[in-house]
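[1] Quick check, what structure comes out for this input:
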Amino acid sequence: MSSLAHEDLVVVDGLEINNWDRKVLEELRTGGVSGVNATCAVWEGPDEATRAIAGWYRLARDNEDVVVLAETAGQIRAAKAAGKVAVVLGFQNTSPFADDYRLVEVFHRLGVRVAQLTYNIQNLVGGACYDAHDSGLTAFGRHIVDEMNRVGMLVDLSHVGNRTSRDAIDASERPVAITHANPTWFFEHPRNKPAEVIRALADRGGVLGCCLYPNVLGGELTTRDQFSSMVARLVDEIGPDHVAIGSDCTRNWSQDFVAWLRNGRWRPPSANPVEPEWPAWPRWFGGPEDFPAVTEGLLSAGLDAATVTKVMGGNWLRLFTEVFGGTEAP
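    Here you go, the predicted model:
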C-alpha cells in the first residue's frame, strides 16, 4: 500500500447539506476536509436564499478561526495551509433564481458558486430524477446554463433527470458536475446515473462525486471495500481526472428536516408513500470525521497515490479553477 497520508491531501467534499454550526465545522476539520460545497438552499426562493447566505456570513465571521468562505480553488488550498475549512456556497435547486435569469449574477456576486438545476421534481429549468417524464432542458433552462457559464457558476446535475442532464452537458460551454451520486450499475436508484450520462459528463471534462448517502449507496450494510471498488472501476471507465467524492452528509438535523427535503412546499406530508426519516449510515462512514477511512479504502483498492490525490480533492480543485476562474494558490 502507498505511504500517502490522509493529512497531506487537500480533501474536498463535493456536497454536504448539514445544519451548520461550529461543532459541525470542527468535524470537517477533524476529518481533514479542507473544502466543501455547502448547500444553503433547496426549495427556497430568492428572499429565503438571501437570508440563508446572510446566515453563512455571520457564521463565518463568528468562527473565523475555523472557516472561510471561498470563491476559488486557490482559497481552498490556502485554507488547507491555515488549518481551516473553506466553504463554497451552493444551491441544490434553481428555485432561488425564480423566473429571472438575472438572479444568477446576483447570487454569484453574493458568493454562490454551485447550483443544481432541479431537485427531485420538474421546475422551470427542466426535469428531475423522480419525474415519470423528463421534459429535458427548457428554453429558460438554457438561458440559466448560459448565464451560469458566463459568470462562473458550476452546473450540478445530481438530482436532475437523465434527459435534462444530457441536454445540460451538451448546452454548457464549461464542464459540469454531478456532485453527489453513484452509477446505476453499482446501485439501481432514481438518484443514481446511468453509464451514458456519466460518460458524456467525463467526455466534456466534468466530475462525478461518488456519494456516501445510504439511499444511493445501497444502505448501511454497504462496505468500505464495495464503495472503494466502485470508485476504482469508475477510474478505469472514465479516467482518474473525472472521479471525486460528494458525501451528501446530513449532520445536526432534526427528523423534521428530512420531511422538508422530500416535500418542500409542492406536496402535503400525507402524500408521502412512507413517513420520511433519515437513513442509517454505514458503520465505517457516519460523517465528515470519517474521511480518513475513505482515503484508506481507496488505497486498499489499489489506486495509486496520484489517483487518490485527485479523487480526494484534486479533481474538484481542477474543475473549480476551470469554472470559477482565478488561479491556484502555490
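[2] Let me know the pLDDT of the closest residue to residue 247 other than its chain neighbours.
    Distance criterion CB to CB, 6 or more residues apart in numbering; nearest residue to residue 247, sequence neighbours excluded, is residue 212 at 4.6 Å. Heads up, the C-betas are built off the backbone N, CA and C, glycines and all. Per-residue pLDDT puts residue 212 at 98.
[3] ranges for the helices of the stretch 151-300 of the chain?
    162-171, 195-203, 214-217, 224-238, 255-263, 291-300 (DSSP state H, counting those that start in this stretch).
[4] Comparing these by mean pLDDT, which bottoms out?
    Note on the helices of the stretch 151-300 of the chain: lowest mean pLDDT is at helix 255-263, with a mean of 93.
[5] now residue 39, what's its secondary structure?
    Put simply, residue 39 is strand when judged by DSSP: H, G, I helix; E, B strand; the rest coil.
[6] Quick check: bridge partners of it?
    residue 90 (DSSP bridges).
[7] who touches it in this structure?
    15-17, 90-92 (CB atoms under 8 Å, 6 or more residues apart in numbering).
[8] Spit out the contact partners of residue 211.
    Contacts of residue 211 by CB under 8 Å, 6+ apart are 180-182, 217, 246-248.
[9] Same question for residue 195.
    Neighbour list for residue 195: 183-185, 237 [criterion: CB under 8 Å, 6+ apart].
[10] now the closest residue to residue 322 other than its chain neighbours: how far from residue 204?
    Residue nearest to residue 322 in three dimensions, not counting chain neighbours: residue 175, with 6.2 Å by CB to CB, 6+ apart. Separation of residue 175 from residue 204 (CB to CB, to the nearest Å): 6 Å.
[11] ok, those two, which is more surrounded?
    residue 175 (20 against 15; other CB atoms under 10 Å).
[12] Averaged pLDDT, the one helix or strand residue 318 maps to. What do you get?
    Assessed by DSSP states H and E, residue 318 sits inside helix 315-324. Here helix 315-324 scores 98 as its mean pLDDT.
[13] Now do the same contact list for the closest residue to residue 53 other than its chain neighbours.
    Closest residue to residue 53 apart from its sequence neighbours, by CB to CB, 6+ apart: residue 110 at 5.2 Å. Counting by CB under 8 Å, 6+ apart, residue 110 touches 50, 53, 89.
[14] 10 Å - rerun?
    Residue 110 sits next to 40, 49-50, 53-54, 56-57, 89, 96 when contact means CB atoms under 10 Å, 6 or more residues apart in numbering.
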